[in-house]
Structure formats: C-alpha cells, structure tokens
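Q: A predicted structure for the sequence below; I have some questions about it.
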Amino acid sequence: GYEIFYRQHVIKPALIGKVNRDLEFDLVWQHHQWIEPLPWLGLEELGLTAKEMIQEALAAFPEALDFASKLNEQVEKRKQAEMDLKKEKSAVKDIKAKYQALLNAIPVGIVIVDASTGMIHECNPWFEDLIGKKRSILKRQCIWELAPVDQWDSTRRHLLDINALSDTVSRQVVFCGAGGKETICRIENSKIKVNGKSMLQCIIHST
C-alpha cells in the first residue's frame with residue numbers, strides 16, 4: 001500500500017477514485033506529494049511558547065477520555081441500580097397496600113404483635129370494633145393489656161409462650177371491649193417475620 005509508518009503516525013497520499021461496475025475504485029486523480037502527518041493537530045508548525053505543555057496535555061487526552069468513558073459507565077450503572085431500587089420499593093409498596101386491603105376486608109380479628117414485647121404492631125378494623133379503640137391507640141398497648149387487669153399475667157403467658165413453639169397455638173382469652181364489656185375470644189397464634197423481626201400473627205374469633 002500507500003501507507004508508510006512514521007513516528008507512530010502515517011504518511012498518506014491524496015487520492016480521488018470512482019466506483020466502477022465491479023464495485024472497485026478507478027483512480028481518477030492523485031496528488032503529486034504525500035501528506036505529512038500532523039500528530040499534534042498542526043501544533044508542530046506553530047511557534048507557540050507553551051508548545052511542550054500543550055503537547056503533554058494532548059498526549060494525556062486519550063487517557064482522560066478513557067477515564068471519562070469509564071466514569072460515565074459507572075454513572076449509568078448507578079442510575080440503573082437506582083431505577084431498579086425504585087421499582088422494588090414500588091413493588092413492596094404495592095404488596096403492602098394489597099395486604100392492608102386484605103387485612104381490612106377479613107371478617108375476623110387480625111393482630112400483629114411483637115413476639116418479645118407483646119406490643120401491637122398492626123390490627124384490622126374488625127379488631128378495632130371489638131375493642132372499641134382506634135388502631136393508633138391500640139398500637140401503643142401490649143395485647144394482654146386489653147384483657148381484664150386481674151388476667152394480664154395469665155394472658156401474657158398464654159400469648160407469648162408461642163416463642164418456645166413452632167406450630168400454631170390456639171388459646172381462649174377474654175378481652176375488654178367498649179364500655180368495659182368482656183368478650184371471650186379464641187386466638188390462634190403463629191410466628192411470622194416482619195422486616196426480619198419475630199412477630200406473632202393473632203387470628204381472633206369472638207365466641
């Protein structure tokens with residue numbers, strides 16, 4: 001060919017060709033001189049006092065370009081990870097909404113209780129009606145505090161001994177409802193995990 005390597009750059013001819021029927025080029029014009037390389041974009045021909053500094057900057061440009069490309073790749077990966085996280089959060093939110101809707105529609109009491117403290121974590125409207133208190137109030141109480149005062153200790157033992165068991169346990173408990181009315185209930189306790197924390201899911205039926 002026409003190319004001659006010179007100082008890691010190339011000297012090239014100036015050619016004009018025309019494509020023929022065989023899809024090959026017919027040479028129609030060629031310059032009489034070869035084109036000298038300008039590896040520094042013509043800087044060599046300029047009488048600049050800072051020529052060496054500019055050459056160093058230009059020499060470092062490919063490395064800087066490669067770094068910028070890798071940095072942009074990392075930024076795109078971060079953006080994708082953030083989008084995936086948003087999708088996961090949206091999916092979790094949707095699941096929670098569906099669970100809450102199901103919780104509200106079930107015609108029995110559902111109460112989620114902290115397995116170690118007995119504090120009410122969540123409950124459904126049926127249980128609110130049974131006790132005569134709003135969820136926001138109930139979530140400040142331990143579940144055995146809804147029983148008559150003289151039965152707190154026994155109720156606490158009945159409800160929390162599930163910690164030593166793996167199967168669902170059924171107990172009979174008395175709850176004080178609106179106006180102090182006592183209601184005998186059947187509770188079925190089972191262990192569940194909520195955000196990695198041990199909880200008791202209590203299904204409550206009035207008898």
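A: Cool, got the structure.
Q: quick one: low-confidence parts of this protein?
A: Across the chain, the ranges flagged by pLDDT under 70 are 1-9, 38-55, 57-61, 103, 162-168.
Q: please redo it, this time with the cut-off set to 50
A: Residues of the chain meeting the criterion pLDDT under 50: 1-8, 164.
Q: what's the single longest helix in it?
A: helix 51-105 (DSSP state H).
Q: how close does the residue positioned nearest the centre of the chain get to residue 147?
A: Among the residues of the chain, the one closest to the centroid is residue 85, at 2.3 Å (Cα atoms, centre = their mean). In this view, residue 85 and residue 147 are 43 Å apart by Cβ to Cβ, to the nearest Å. In short, each C-beta sits where N, CA and C put it, glycine included.
Q: need the helices for the chain, in chain order.
A: Assigned by DSSP H, the helices in the chain fall at 51-105, 125-131, 135-138, 152-160.
Q: Run the chain-centre distance for the third one.
A: It stands for helix 135-138. 30 Å (Cα atoms, centre = their mean, to the nearest Å).
Q: so who does residue 194 touch?
A: Applying Cβ atoms under 8 Å, 6 or more residues apart in numbering, we find residue 194 in contact with 112, 121.
Q: And residue 147, its phi and psi?
A: Residue 147 adopts backbone torsions of phi -90, psi 170, taken as degrees, to the nearest 10.
Q: from memory it sits against residue 176, does it?
A: Yes: using Cβ atoms under 8 Å, residue 147 makes contact with residue 176 at a distance of 6.7 Å.
Q: more neighbours, those two?
A: Between residue 147 and residue 176, counted using other Cβ atoms under 10 Å, the more crowded position is residue 147 (22 against 17).
Q: Excluding sequence neighbours, find me the nearest residue to the more buried one.
A: With Cβ to Cβ, 6 or more residues apart in numbering as the criterion, residue 147 has its nearest non-adjacent residue at 4.3 Å, and that residue is residue 155.
Q: neighbours around that neighbour, how many?
A: Burial of residue 155 is recorded as 22 neighbouring residues (other Cβ under 10 Å).
Q: and the gap between it and residue 143?
A: The gap separating residue 155 from residue 143 is 8 Å, by Cβ to Cβ.
Q: what does residue 195 give?
A: Using Cβ to Cβ, residue 195 is found at 19 Å from residue 143.
Q: Who has more neighbours out of these two?
A: Neighbours per residue (other Cβ under 10 Å) separate residue 195 from residue 143, with residue 143 holding more: 28 against 5.
Q: who touches the more buried one in this structure?
A: Listed by Cβ under 8 Å, 6+ apart, the contact set of residue 143 reads 111, 113, 118, 119, 120, 155, 159, 202.
Q: Residues contacting stretch 170-180, please?
A: Taking Cβ under 8 Å, 6+ apart as the rule, stretch 170-180 contacts 130-132, 146-148, 151, 155, 158-159, 182-189, 207.
Q: now do 7 Å
A: The contact list for stretch 170-180, computed with Cβ atoms under 7 Å, 6 or more residues apart in numbering, reads 130-132, 146-148, 151, 155, 158-159, 182-189.
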